[in-house]
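J.: Build me a model from this:
(chains A and B)
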Amino acid sequence: EAQVTQNPRYLITVTGKKLTVTCSQNMNHEYMSWYRQDPGLGLRQIYYSMNVEVTDKGDVPEGYKVSRKEKRNFPLILESPSPNQTSLYFCASSFLGGRGVMNTEAFFGQGTRLTVV
Amino acid sequence: AQTVTQSQPEMSVQEAETVTLSCTYDTSESNYYLFWYKQPPSRQMILVIRQEAYKQQNATENRFSVNFQKAAKSFSLKISDSQLGDTAMYFCAFMKHTGTASKLTFGTGTRLQVTL
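T.: Residues are numbered from 1 along each chain as shown, chains lettered A, B, ... in the order given. Prediction:
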């Protein structure tokens, strides 16, 4: 089954304790991306990756890191989480069309509800 | 930068009735895609329908259809014969057609409640 898998689904942590949210896709997609969803703000892009070892900042990258060492995995790293990073996080992936244009359908993971106290 | 506006934070409709969710966007691009995503209580993001800006014909997927007005930069979603399972948050989203860094820009969402 084609899917994007995020882990964990729920996470409560304390301020300053490093954490990683994993994302894995089994569709051989080049493009992967992280979003955060906050009430009244919709989904905003944190980071994205066009392919292995190619990553770039989205709209709200502060406080986050990513890596893309393998095509299927795109972990989101919070080196020193703060309460303002409490949010619902989504990983998404898709094929890249010609000339770097993203294929029109993005597949989303199930979401990770993160609470930082 | 592109912006997407959903001016209806919440809507309610009775089962079997028709409801229209509004979306407007602002862009200087001429080629782009527009999407409606559904997010039920399970939080899963589900693609409902998409529209390519160069296509004049409005997209339709079963009970879901759009009214795409390119000049007005409007992209509304019509749900016909509403069902209880349509209860969800609905997000309108925009994506540029060209460029090396494509991303989805989302609106703030409309929470739809379908009632008996």
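J.: Please name the residues that touch the closest residue to A:Leu11 other than its chain neighbours.
T.: Leaving aside its chain neighbours, A:Leu11 sits nearest to A:Leu114 (5.1 Å; criterion: CB to CB, 6 or more residues apart in numbering or on different chains). C-beta coordinates here come from the backbone N, C-alpha and C atoms, glycine included. With contact set as CB atoms under 8 Å, 6 or more residues apart in numbering or on different chains, A:Leu114 has these partners: A:Leu11, A:Ile12, A:Thr13, A:Leu19, A:Val21, A:Pro81, A:Gln85, A:Thr86, A:Ser87, A:Leu88, A:Tyr89.
J.: how near is the third one to B:Asp26?
T.: The spacing between A:Thr13 and B:Asp26, counted by CB to CB, to the nearest Å, is 37 Å.
J.: how about the residue nearest to the spatial centre of chain B, secondary structure?
T.: Nearest to the geometric centre of chain B sits B:Trp36, at 3.1 Å (CA atoms, centre = their mean). The three-state assignment at B:Trp36 reads strand, by DSSP: H, G, I helix; E, B strand; the rest coil.
J.: quick one: contacts for it?
T.: Counted by CB under 8 Å, 6+ apart, B:Trp36 has contacts B:21, B:23, B:47-50, B:64, B:66, B:75, B:77, B:90-93.
J.: which residues touch the residue nearest in space to the middle of chain A?
T.: Nearest to the mean C-alpha position of chain A, by CA atoms, centre = their mean, lies A:Trp34 at 2.6 Å. Residues counted as contacts of A:Trp34 (CB under 8 Å, 6+ apart) are A:23, A:45-48, A:58, A:64, A:66, A:74, A:76, A:89-92.
J.: tell me which of those is nearest to chain B?
T.: Closest to chain B out of these is A:Gln45 (5.0 Å), distances taken as CB to the nearest CB.
J.: wait, the closest one sits on A:Asp59?
T.: Yes. Applying CB atoms under 8 Å, one finds A:Gln45 in contact with A:Asp59, separated by 5.2 Å.
J.: near chain A, from the contacts of B:Trp36?
T.: For chain A, the contacts drawn from the contacts of B:Trp36 by CB under 8 Å from any CB of the partner chain are B:Leu47, B:Arg50, B:Phe91.
J.: Neighbour-wise, give me the winner out of those.
T.: Highest neighbour count within these: B:Phe91, with 25 neighbours (other CB atoms under 10 Å in any protein chain shown).
J.: how deep is A:Glu79 tucked in, by neighbour count?
T.: A:Glu79, neighbours per other CB under 10 Å, totals 12.
J.: now the helices for chain B?
T.: Using DSSP state H, no helices are found in chain B.
J.: ok, the contacts of A:Leu114 vs B:Ala71, which is closest?
T.: A:Leu88 (35.2 Å; CB to CB).
J.: ranges for the strands of the chain?
T.: Using chain A here. Taking DSSP state E, the strands of chain A run over residues A:4-7, A:10-13, A:19-25, A:31-38, A:42-51, A:54-57, A:65-66, A:76-78, A:87-94, A:107-108, A:112-116.
J.: other chain: chain B
T.: Going by DSSP E, chain B shows strands at B:3-5, B:10-14, B:19-21, B:24-26, B:32-39, B:46-52, B:60-61, B:64-69, B:74-79, B:88-96, B:105-106, B:110-115.
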